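Colleague: can't give you the sequence, but here's the structure:
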């Protein structure tokens, strides 16, 4: 009998990519469009594994219910796991696996796309020319060459971003509690303190995980330390930025541009078509009102290569678990929380 896997938050592209990769595994895949929550958790009954994405909830109550339904494996089809209560998973004997590196190139390239689109005002220029307005007034940008980018977090995505930016002639400052000095030496990266990074960077890009230490890393106080007119890019997690603080920074011109692929309250909007509805999230609506802000719908990962890698790695993780093999992508509970 083949393994039964329940997928939540499944979009058409998820279904297509998983069904294609499943030709190798022949599992029984059950797809549900709604995000996992207490109201639909009954759908996990009789499932051997549950597969979730970034906006699905796996808190203690959900984990407890999964355990009661006999689920032994929670497979994340993403890298981040801040939406999972790892202590609860440990307590209820549920193994958690993830996809740590589906396509760091995709996210790094999207990060650069946001920088360039903001700097050269590509959306505004496009709207103008479509209306027959070929004026250059209000479209002035700056040379990336010679500017300083501050990169917070230097994992796989950030390292690829740094290499791309070095090709533009951008100077790189970086902050990471676990610096990679060999990479820094080879790529002319200067590790520094957060305060110095804030003070000296023309562009700040966030690539750190969301933890208790990094939640609202960008806030009123940190923004006050930044250069006037700084560009802030976030393709990491929404709660790295306190959105109201960012809005205040935009209003008083301390922040010159913001490129956001994530938003701290994105669950109600991202991955859904809300074009026929009024946006009743006043904070999001205010963000979208700025002509120097670009918001994309958590799409930085969204390439053909990434979808293929996500599907294959997720199914491979499930296969390894079912065969009691070593799990190379298991998410362990830190010893301090056990």
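Modeller: Received the coordinates, thanks. Keep in mind that what you see is a predicted model, and the values were worked out from it rather than measured.

Colleague: list the contacts of the closest residue to residue 49 other than its chain neighbours.
Modeller: Of all residues not flanking residue 49 in the chain, residue 73 sits nearest, at 4.1 Å (C-beta to C-beta, 6 or more residues apart in numbering). In short, each C-beta sits where N, CA and C put it, glycine included. Listed by C-beta atoms under 8 Å, 6 or more residues apart in numbering, the contact set of residue 73 reads 48-50, 94-97, 318, 321.

Colleague: let's see that with 6 Å instead.
Modeller: Listed by C-beta atoms under 6 Å, 6 or more residues apart in numbering, the contact set of residue 73 reads 49, 95, 321.

Colleague: filter the residues you listed down to just the ones in helices.
Modeller: Members of the contacts of residue 73 lying in helices (criterion: DSSP state H): residue 321.

Colleague: by neighbour count, which of the contacts of residue 73 wins?
Modeller: Counting neighbours by other C-beta atoms under 10 Å, residue 49 leads the contacts of residue 73 with 26 neighbours.

Colleague: pLDDT score for it?
Modeller: For residue 49, the model assigns a pLDDT of 97.

Colleague: which of the three states applies to the closest residue to residue 291 other than its chain neighbours?
Modeller: Among residues not flanking residue 291 along the chain, residue 124 sits closest, at 6.3 Å (C-beta to C-beta, 6+ apart). What DSSP: H, G, I helix; E, B strand; the rest coil gives for residue 124 is helix.

Colleague: burial count for residue 124?
Modeller: Neighbour count of residue 124, defined by other C-beta under 10 Å: 15.

Colleague: which residues of this structure fall in strands?
Modeller: Using DSSP state E, the strands of the chain run over 4-7, 28-31, 49-52, 73-76, 95-97, 148-152, 171-175, 189-191, 203-206, 230-234, 255-260, 293-295.

Colleague: what strands line up against the third one, and which way round?
Modeller: By that I understand strand 49-52. Counting by DSSP bridges, the strands paired with strand 49-52 are strand 4-7 (parallel), strand 73-76 (parallel).

Colleague: what's the answer for the longest one, then?
Modeller: Next to strand 255-260 in the sheet, as set by DSSP bridges, lie strand 230-234 (parallel), strand 293-295 (parallel).

Colleague: isn't residue 15 up against residue 31?
Modeller: Yes: between residue 15 and residue 31 there is a contact under C-beta atoms under 6 Å: 5.2 Å.

Colleague: what about residue 138, distance to residue 60?
Modeller: Residue 138 is 51 Å from residue 60, where distance means C-beta to C-beta, to the nearest Å.

Colleague: neighbour count: the two, which is higher?
Modeller: More crowded of residue 138 and residue 60, by other C-beta under 10 Å: residue 60, with 13 against 10.

Colleague: please give me every residue in contact with the more buried one.
Modeller: 85, 88.

Colleague: still on that earlier bit, between the strands of the chain, which gets nearest to residue 331?
Modeller: strand 95-97 (4.3 Å; C-beta to C-beta).

Colleague: hey, which of the strands of the chain is tucked in deepest?
Modeller: strand 49-52 (a mean of 26; mean count of other C-beta atoms under 10 Å).

Colleague: run the chain-centre distance for that one.
Modeller: Relative to the centre of its chain, strand 49-52 is centred 19 Å away, using C-alpha atoms, centre = their mean, to the nearest Å.

Colleague: how about residues contacting that strand?
Modeller: Contact with strand 49-52 is made by 5-8, 36, 44, 71, 73-77, 318, as judged by C-beta under 6 Å, 6+ apart.
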